[in-house]
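> Sequence and predicted model, in that order:
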Amino acid sequence: QSQLVESGGGLVQPGGSLRLSCVASGFTLDSLAIGWFRQAPGKEREGVSCISSIGSTEYADSVKGRFTISRDNAKLTVYLQMNNLKPEDTAVYYCTMCRPYSIPIVAGGDYWGRGTLVTVSS
């Protein structure tokens, strides 16, 4: 079964860091643009970042300079390094295919996994 599985969420204090991982199974990532999306309680899901198959990156303005997306195709993994976290970053984070070179960041399909919860609180 082909799927993307997110992990790495947790509880962190404001100003702290987390690294999320998105691991693919059943398929390879080499030719795909993969992005991170998030949904906060009571809000619509929004695009956070997208990395193209050749490593070009896009970020939402709200995370630019704090978050870094990267990929390791050999490990079938896309990462999201999140630094200087703020309470407003609290959300469930999902990874899925994205439309490269696009602002705003939009999903490239209709697949959504379970996500991983990030809570930023003191």
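Everything's here; your move. Numbering: from 1, shown residues only.

> In this structure residue 58 contacts residue 49, no?
Yes - contact criterion Cβ atoms under 8 Å: residue 58 and residue 49 qualify, at 6.5 Å. For the C-beta atoms, the positions are set from N, CA and C on the backbone; glycine is no exception.

> Those two: which has the busier surroundings?
A count of neighbours by other Cβ atoms under 10 Å puts residue 49 above the other of residue 58 and residue 49, at 25 against 22.

> residues touching the more buried one, list them.
35-36, 57-60, 63, 67, 69, 80, 105 (Cβ atoms under 8 Å, 6 or more residues apart in numbering).

> Which of the three states applies to it?
strand (DSSP: H, G, I helix; E, B strand; the rest coil).

> which non-adjacent residue is nearest it?
residue 69 (4.2 Å; Cβ to Cβ, 6 or more residues apart in numbering).

> Direction included, what does the helix or strand harbouring the one you found pair up with?
According to DSSP states H and E, residue 69 maps onto strand 67-72. Next to strand 67-72 in the sheet, as set by DSSP bridges, lie strand 77-82 (antiparallel).

> Next secondary structure element downstream of the partner strand?
Trace forward from strand 77-82 with DSSP H and E and the next one is strand 91-97.

> That following strand versus strand 67-72: what angle between them?
40 degrees (axes from the mean of the first three to the mean of the last three Cα atoms, to 10 degrees).
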